[in-house]
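> Return atomic coordinates for the entry below.
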Amino acid sequence: MIMALIPKIFLEKYIQLGSDDLMKFLEYSFAKQIALTMDRIYQNGLTTTSGGNISVCDKHGNIFISPSGVDKGKLEEQDIMKISPNGQIIGKHKPSVEFPFHQHIYQVRSDIKAIVHAHPPGLVALSAARKNPMTHLIGAVKNLIPHTTFAPYALPGSKDLGENIANEFMKGFNVVLMENHGIVIGAKNLQEAFLIMEVLEHYVLTEIKALSVKSQFTQFPEFHYKPYALKHYEEKSVISKDIMDEFIYLVKRAYRLKLISGYYGVFSLRVSEHAFLITPHQMDLNDIDINDLVLVNNGKVPYGKYPDQAWTMHADIYDKNKDINALIQTASIHSMVYTITTNSFDTRIIPEGYIMLKEIRKCLPESYLDIIDISKQRPVTLVQNNFVLVAGKTLFQAFDRLEVLEFGANSLLMASQYEHIFQINDDEIKLIDNSFNAW
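All right, here's what the predicted structure looks like:
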């Protein structure tokens, strides 16, 4: 959960209650937080065995930092180093050679308590090209990361590098690309810093894929959900644990496959005519469990629970189309290329693509009635510069459809590097229509 992103109607309650996954994470020792975060960075392919470092600064000015020369793939709590304000080094290794720039940042920004530095491939590409990401192309990314900047190149571990990076943080930037090196992110806690890096890397990969097909970028406004005031009820309904377990399994499977990020992704499942389960508001989806799911029942939610802000749109879709029982809303890397460019997504490159996806619609973010007109005849909607929306008869079918969409987008982008792409012809499409029903 990222506090700065919570709408005002939630802010007071969230500050009071906190997010269970964030609170649990913050209860860990700083050393354990660093070890867990580094493992997540490495397992998600955001750095190499030898690259990157993480630190936390406590209220006493002690800095806990990952060690130098230790395998990032199996870092443990006891490997983390501690440096006291007087310079005493505590631990069984050497602190990261990049410690000087971590120290500089904490000295100039008292609001920053955690720093993540890594070498994600997409962001390193921008570092080498010395280009800031165009985060304004996707509304949710722009809200999370409105500005980035560059720190001039200097020798790794040097005083000059520390000063170069700290100078940019002094200007108020929280996300700093390092020329020919990588990225540094400062935040209030490690979970927030990680989620910022992850969503930025996902977006940058989308941007790079879009550049590879030399298409024209679009820039439509951010989608705005309908305003609402939450109504509550005493939670008495009992949903099958098997249903909730499968729901959580598919969310985490989607995360592992990079179909969603920890920061962005919405799953919902109709459980009765006027009730549906939905993922909670601004929770790290990697940490979600069945107790976090929110049951929206006739427009009301249980006391103490807060559904994703997309719940009103999902409710309108379920009310409008009784055939739809599940929805997934995301910003998957390859599919999003078709939301930020003028390129059209032709599903007729393989039978599975056409059978599962049919004709894919593009909608403008202000065309709400068109967006919620998703149906079994049109089960996929791309909302320009905002998100991908996929429908299904079951949550598994919606997941399958999203996976086919993302695979198809990737294949289509690769095929576009060749002189010509051949589609299945109209006669064969008619034969497919007569032979298959993917709903």
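
> ok, now how distant is the residue nearest the centre of the chain from Met197?
For the chain, the residue lying nearest the average C-alpha position, counting by Cα atoms, centre = their mean, turns out to be Ser261 (2.8 Å). Counting by Cβ to Cβ, to the nearest Å, the gap between Ser261 and Met197 amounts to 10 Å. In this view, the C-beta of every residue, glycine as well, is placed from N, C-alpha and C.

> sorry, back to before: the residue nearest to the centre of the chain reaches His202, doesn't it?
Yes: the pair formed by Ser261 and His202 meets the contact definition of Cβ atoms under 8 Å, at 5.2 Å.

> Now do the shared contacts for those two.
Residues touching both Ser261 and His202 (Cβ atoms under 8 Å, 6 or more residues apart in numbering) are Ala331.

> For Glu273, grab the count of nearby residues.
Neighbourhood size, Glu273 [other Cβ atoms under 10 Å]: 10.

> Please tell me the pLDDT value assigned to it.
Per-residue confidence (pLDDT) for Glu273: 93.

> same deal with Gly299?
In the predicted model, Gly299 carries a pLDDT score of 93.

> do the same with Leu5
pLDDT, the model's per-residue confidence, is 36 for Leu5.

> go on, the one 4 residues further on?
Ile9 carries a pLDDT score of 31 in this model.

> Same question for Thr206.
In this prediction, Thr206 carries a pLDDT score of 98.

> Tell me which helix or strand it sits in.
Taking DSSP states H and E as the definition, Thr206 sits inside helix 190-212.

> Helices of this structure, residue ranges please.
In order along the chain, the chain carries the following helices (DSSP state H): 8-17, 20-27, 30-43, 99-108, 121-129, 139-144, 159-170, 190-212, 241-256, 311-320, 351-357, 368-371, 395-415, 426-435.

> for the third one, the distance to its chain's centre please.
So that's helix 30-43. Its chain's C-alpha centre lies 18 Å from the corresponding centre of helix 30-43 when counted by Cα atoms, centre = their mean, to the nearest Å.

> Any stretches of this structure with poor pLDDT?
Scanning the chain for pLDDT under 70 picks out the ranges 1-27.

> domain assignment for it?
Under the assignment automatic domain parsing, the domains of the chain span 3-211, 231-435.

> Okay, Trp41 and Ile34: tell me how far apart.
One correction, residue 41 is Ile, not Trp. Summarising the geometry, the distance separating Ile41 from Ile34, computed by Cβ to Cβ, is 10 Å.

> more crowded one of these two?
Counted by other Cβ under 10 Å, Ile41 and Ile34 do not tie: Ile34 has more neighbours, with 27 against 24.

> Return the residues in contact with that one.
Taking Cβ under 8 Å, 6+ apart, we find Ile34 in contact with Ile54, Ser55, Val56, Phe64, Ile65, Ser66, Leu75, Ile80, Leu190.

> is the second one in a bridge, and if so with what?
It refers to Ser55. Each beta-bridge partner of Ser55 is listed here, defined by DSSP bridges: Ile65, Ile115.

> Let me know whether it touches His102 as I believe.
Yes: contact criterion Cβ under 8 Å: Ser55 and His102 qualify, at 4.4 Å.

> Between these two, which contacts overlap?
Common contacts of Ser55 and His102 (Cβ under 8 Å, 6+ apart): Ile63, Ile65, Ser96, Ile115.

> Go through those residues and name the one nearest Thr148.
Ile115 (15.4 Å; Cβ to Cβ).

> just to revisit the earlier point, now distance to Gln329 and neighbour count too, for the shared contacts of Ser55 and His102, in JSON lines please.
Formatted as JSON lines, the shared contacts of Ser55 and His102 follow (distance: Cβ to Cβ, whole Å; neighbours: other Cβ atoms under 10 Å):
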{"residue": "Ile63", "distance to Gln329": "39", "neighbour count": "20"}
{"residue": "Ile65", "distance to Gln329": "37", "neighbour count": "25"}
{"residue": "Ser96", "distance to Gln329": "38", "neighbour count": "22"}
{"residue": "Ile115", "distance to Gln329": "31", "neighbour count": "27"}
